[in-house]
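A.B. asks: sequence and predicted structure below; questions after.
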Amino acid sequence: MHLTGNQTWRSAPQNKHSKSQLLRNAALMTEHNLRNTPAYFPSSCSCHLAAHSQLPWLSCVLLLWQGHRNAISCLAASSDRFLLVSADAGSDSLLVFWDPVSCQPIRTLQQPHTAGVAAVAIAPDASQMATLSAVDASTGLQEISVWDLRPLTASPSSTPMTAAATTPIPTGDVQTCVCYNQNDMSELVTNGRRRSYFWRSQLPGSKLISYYSPPLKASDFHQEVGDFVTSVFVPGSTQALTSTPDGDVVVWDEQGQSAQMGTRATDRRAIKIMRLHGSAIHHLSTIGDFVVSGGADGLVRFFDSMLRMCAWFEQLDAGPVGCVSFATKGQQHTQALMLMQRLEAPNFMVSTLSGKLLAVTSNAFNNPDLDNPSGAELLMESPAAGSIADVAAHPLRAELLLLNSEEGQLLRWNLVDRSCVVMRQLSRDYKLVRMVLARDGSFVVLGCEAGHVVVLKGDSLEDVVVLRNSRHPIVRLSVSSSGQYIAAADGSGQVILYGYLPYKGSFLRWDLVGRYKAHHDAVVGLHFGEAPSGQTRLFSLGADKRLIEYDITNATAANTGLSAAAVTDVVAPGGAGSPCSMCFAPPMPYYSHSSLDTLLLIAGGLLGGCHIQRAATLCCTERTFVLMCCMLAGWLWPVMMIHHAAAASKHQCSVAFVNAASSGIMSR
């Protein structure tokens, strides 16, 4: 497995701190909230680490570490930030120890659990680590393991690592969170949706971990108790907290003399329920003597050991808080306290469930700035909270257009500032599925599941027109290089052509030119091209192995509707597979014997043993054809690069050049 650590410096003007100092000061998210924070997980095999310097916020460093083949399920960091751990769940799972200074892996554990790791926690002194396994699909079992990390720090490369103790978790409630007791590192707490377990390991020597799960009944407190979210131990006390989606925390404490028969005095029971937030509490952690909470109401609050609120940051305006992480460079026991009603605590980062990463100055609570009372600075923002259905690059600016189908949003995303320039909220009734941008960026075309085609202005994303000429989902869109024509293909195999035409001799508007039932199977490619004479031409490619050219000239001039000008059967070498994508090749050099030909590149068949379905995309640059496979996670994954003189048979993918002038196969 190849593991790398690549770094990207976002901006570091006048930064006097060394790279290692910045990395040691890294602010990491806790494992429970990672699944809800898209800003840190751009793909299933990599993770981002954001680091910051001390006051003032001089820079932001963004690191990309790659090595996992499954979706990363959890991250953890030691208190001094000298050790980082990442893990994934699934087949061939990995648990990787990272050195944040060199950005390289220290040790890799293959399949620490059969189904991978669901949660991980590192003890405050980094002497041990606890992992919660993912549920084994074959047996339905889950287990908790404790690992001794002292051999790792003494000799990172040579000492074999095995779990010091492993215990199966009783079935019935899958555990999702694990946390160490900073007052007693032999004790841990885990929680699922309805049960919390308190574990005690006797390292070194013991191979088992004892546990106790206190019962909790709604009748005990005369109120309903919501599902559990996350847990933490209260510093300087015997209590522990478990949060709920209602904004409450269940307070657990030792039974003492009221212990029932068969239980110990040190076993915990629920003693009360307290309201800390007005909505779900996604984050609970400790810093110094404080308990820190982050809620769906967007608030970060500090509580003392008696759960009295001491400090609060309530003007972040960044959405529901997913995680809070403090800058504790080289500190195992961080000091954080209230001194003369002033908060003395490290600066921290806040990640939100809306995809924002904030750097917050803790001193802003003591001396708020009128211009920025929260003391927060936006470091990074994810493009969208939902799934990205389509992406288009602006031809003239360093921008992307992102189509969020779930939320009905269209965003202009600045690649330099990593910020949203314009966001257009469209009706969810449209159910947007496709998007294409004009060659000059003057307008955007969107395709809807209901068959509508929506045209918007390129800069402001304001409405231009909505064209309703199909009842089937739009599966392909294309715009001519002149910007005069829009072509759309729907789910029935029909191709629809729109033109920017004179209306009643007074002005131009988008109108229907014609429709043609082109294919009896899915349309996998739809492209405009230009002949050497400058004539605009339109081609469609279907999974029925037919390539069709349309008669645009007569359809526009004679108003006869759209019709086929030529039909070509596309047969892969050996007859295996179906076409899946196509694009026009870039112009050949002027001295080439084919410099006057218009070429189409068609891909199909099997790729690496996996059939490329409708997600396959083909694009080209000036010198190279790049076959891209659009993965389900929403990322464009480069599969192979095909130069003009190269063929691509070793990947089991048929590639053919089609001469658009003669509509015949030139070479394979």
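C.D. replies: Structure's in. What do you need? Residues are numbered from 1 along each chain as shown.
A.B. asks: what about residue 219, is that helix, strand or coil?
C.D. replies: Classification of residue 219 using DSSP: H, G, I helix; E, B strand; the rest coil returns helix.
A.B. asks: the chain should start at 2 in everything you say after this.
C.D. replies: Shifting the count to begin at 2 puts that one at residue 220.
A.B. asks: quick check, pLDDT for it.
C.D. replies: Residue 220 is assigned a predicted lDDT (pLDDT) of 77.
A.B. asks: mind checking how far it is from residue 247?
C.D. replies: Remark: distance between residue 220 and residue 247 (Cβ to Cβ, to the nearest Å) = 17 Å. Heads up, the C-betas are built off the backbone N, CA and C, glycines and all.
A.B. asks: same thing with residue 178?
C.D. replies: 17 Å.
A.B. asks: out of residue 220 and residue 247, which sits in the busier spot?
C.D. replies: Taking neighbours as other Cβ atoms under 10 Å, residue 220 and residue 247 compare with residue 247 leading, 19 against 6.
A.B. asks: so that one sits against residue 229, correct?
C.D. replies: No. The pair residue 247 / residue 229 is not scored as a contact, 11.0 Å apart, by Cβ atoms under 8 Å.
A.B. asks: helices of the stretch 2-151 of the chain, residue ranges please.
C.D. replies: In the stretch 2-151 of the chain, helices defined by DSSP state H, counting those that start in this stretch lie at 20-25, 151-155, listed in chain order.
A.B. asks: between those, which gets the lowest average pLDDT?
C.D. replies: helix 20-25 (a mean of 32).
A.B. asks: residue 547 and residue 568 touch, don't they?
C.D. replies: Yes. Assessed by Cβ under 8 Å, residue 547 is found in contact with residue 568 at 6.0 Å.
A.B. asks: the two - which one has more neighbours?
C.D. replies: Neighbours were counted for residue 547 and for residue 568 using other Cβ under 10 Å; residue 547 has more, 19 against 11.
A.B. asks: against residue 532, how distant is that one?
C.D. replies: For residue 547 relative to residue 532 (Cβ to Cβ), the value is 21 Å.
A.B. asks: try residue 322
C.D. replies: 57 Å.
A.B. asks: same question for residue 346.
C.D. replies: 68 Å.
A.B. asks: neighbour-wise, which of these two wins?
C.D. replies: residue 346 (22 against 12).
A.B. asks: once you drop chain neighbours, what's closest to that one?
C.D. replies: Counting by Cβ to Cβ, 6 or more residues apart in numbering, residue 346 lies nearest to residue 337, which is 3.9 Å off, once chain neighbours are set aside.
A.B. asks: one more: residue 363?
C.D. replies: With Cβ to Cβ, 6+ apart, the residue lying closest to residue 363 is residue 346, at 4.6 Å.
A.B. asks: let me see the mean pLDDT of the helix or strand harbouring residue 550.
C.D. replies: Per DSSP states H and E, residue 550 falls inside strand 547-551. Mean per-residue pLDDT for strand 547-551: 92.
A.B. asks: what lines up beside it in the sheet?
C.D. replies: strand 537-543 (antiparallel), strand 565-570 (antiparallel) (DSSP bridges).
A.B. asks: and the contacts of the first one?
C.D. replies: This means strand 537-543. Here strand 537-543 makes contact (Cβ atoms under 8 Å, 6 or more residues apart in numbering) with 477, 479, 481-483, 485-486, 488, 490, 494, 496, 498, 519-532, 548-551, 553, 571, 580, 582-583, 599, 601, 603, 661.
A.B. asks: from the middle of its chain, how far away would it be?
C.D. replies: Relative to its chain's centre, strand 537-543 lies at 34 Å (Cα atoms, centre = their mean, to the nearest Å).
A.B. asks: buried residues in that strand?
C.D. replies: Using 16 or more other Cβ atoms under 10 Å as the test for burial, strand 537-543 gives 537-543.
A.B. asks: how far away is residue 190 from residue 235?
C.D. replies: In terms of Cβ to Cβ, residue 190 sits 11 Å off from residue 235.
A.B. asks: now the common contact residues for these two.
C.D. replies: With Cβ under 8 Å, 6+ apart as the test, residue 190 and residue 235 both reach residue 241.
A.B. asks: helices or strands up against whichever strand or helix holds residue 271?
C.D. replies: Per DSSP H and E: residue 271 is located in strand 269-276. The helices and strands touching strand 269-276, judged by 3 or more Cβ pairs under 8 Å, 6 or more residues apart in numbering; DSSP states H and E, are helix 219-222, strand 249-255.
A.B. asks: so residue 464 makes contact with residue 453?
C.D. replies: No. Look at residue 464 against residue 453 with Cβ under 8 Å: they stay out of range, at 11.9 Å.
A.B. asks: comparing the helices and strands packed on strand 269-276, which comes out most buried?
C.D. replies: strand 249-255 (a mean of 21; mean count of other Cβ atoms under 10 Å).
A.B. asks: what separates residue 148 from residue 187, distance-wise?
C.D. replies: 14 Å.
A.B. asks: what's in contact with stretch 188-195?
C.D. replies: Applying Cβ under 8 Å, 6+ apart, the external contacts of stretch 188-195 come out as 120, 122, 131, 133, 145, 147, 170, 174-182, 197-202, 228-234, 241, 243.
A.B. asks: oh sorry, the question was meant for stretch 479-486
C.D. replies: Contacts for stretch 479-486 (Cβ under 8 Å, 6+ apart): 437-441, 443-444, 446, 487-489, 498-501, 514, 527-529, 531, 537, 539, 553.
A.B. asks: out of these, which are buried?
C.D. replies: Using 16+ other Cβ under 10 Å, the buried ones in the contacts of stretch 479-486 are 437-439, 444, 446, 487-489, 498-501, 514, 527-529, 537, 539, 553.
A.B. asks: among these, which are in strands?
C.D. replies: 437-438, 444, 446, 487-489, 498-501, 514, 527-529, 537, 539 (DSSP state E).
A.B. asks: select only the buried ones of the contacts of stretch 188-195 in ChimeraX?
C.D. replies: ChimeraX command restricting these to the buried ones, with burial defined by 16+ other Cβ under 10 Å:
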select :120,122,131,133,145,147,170,174,176,177,178,179,180,181,182,197,198,199,200,202,229,230,231,232,233,234,241,243
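A.B. asks: so which of the contacts of stretch 188-195 are in strands?
C.D. replies: Those of those lying in strands (DSSP E): 120, 122, 131, 133, 145, 147, 170, 178-181, 197-202, 232-234, 241, 243.
A.B. asks: re earlier: can you say which of the helices and strands packed on strand 269-276 is nearest to residue 390?
C.D. replies: Between residue 390 and the helices and strands packed on strand 269-276, the tightest spacing by Cβ to Cβ is seen for strand 249-255, at 37.3 Å.
A.B. asks: may I have that closest one exported as CSV, CA atoms only?
C.D. replies: C-alpha atoms of strand 249-255 as CSV (Å, rounded to 0.1, in the frame of the first residue of the first chain):
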residue,chain,number,x,y,z
ASP,A,249,-29.4,17.4,26.9
VAL,A,250,-26.6,15.5,28.6
VAL,A,251,-27.0,12.5,30.7
VAL,A,252,-24.8,12.8,33.8
TRP,A,253,-23.3,9.6,35.0
ASP,A,254,-21.6,9.2,38.5
GLU,A,255,-20.4,6.5,40.8
